[in-house]
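Visitor: Sharing a model that was predicted from the sequence below.
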Amino acid sequence: MNLEIPAEIKPWLNFIHPILMWVLLGVSIYALYLGVQVRRTRYAEGEVKKELIRGGYTVKHYQVGSLLLALMILGAIGGMGATYINNNKLFFGPHLLIGLGMTGMIAISASLSPFMQKGHNWARYTHIILNSALLALFSWQAVSGVQIIQNILKKM
């Protein structure tokens, strides 16, 4: 099957991925905030604990994390798809490799949820380490993505 995208639309496909990724970087920071609140709830006592429980942070963190997982995977696939549609190839380099690694990291992190729900601290610590590394890599990807967009704009 030959998918033909109109020539006037093709260049604009390049901008969907970076916009989505910048939004997801913000969502990732929000997920971090929620995760910190979940951890505070776990170790709090008395009235503070009751107040934190009312915040519903555990459910919000799980929901935001699930949304983040889905959109990061779709964003990674979409970014590669747009690059391929516009160039008939993928550019093998740090941005692609780190993006693929991040996709794997978030999937592994999410897969730890059942173990965390059963109280396994090894899963919690692994989740925290993976997501800390993911956020650091995401920040780097945001900067390198802007450089890629600048190169695309120069060619337009």
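Guide: Perfect, thanks for sending it. All of these numbers come straight from a predicted model, not from anything done at the bench. Numbering: from 1, shown residues only.
Visitor: which stretches of the protein have low pLDDT?
Guide: Counting by pLDDT under 70, the chain contains low-confidence residues at 1-3.
Visitor: can you rerun that using 50?
Guide: Of all residues in the chain, none has pLDDT under 50.
Visitor: Which parts of it are helices?
Guide: Secondary structure of the chain (DSSP state H): helices at 10-43, 46-54, 57-87, 94-111, 113-117, 121-155.
Visitor: Give me the most central residue, the protein.
Guide: For the chain, the residue nearest the mean C-alpha position is Met72 (4.5 Å; Cα atoms, centre = their mean).
Visitor: Pull up the gap between that one and Ser66, please.
Guide: Note on Met72: its distance to Ser66, by Cβ to Cβ, to the nearest Å, is 11 Å. Glycine gets a C-beta too; all of them are placed from N, C-alpha and C.
Visitor: Pull up the distance across stretch 115-122, start to finish.
Guide: Distance across stretch 115-122, first residue to last, is 9 Å (Cα to Cα, to the nearest Å).
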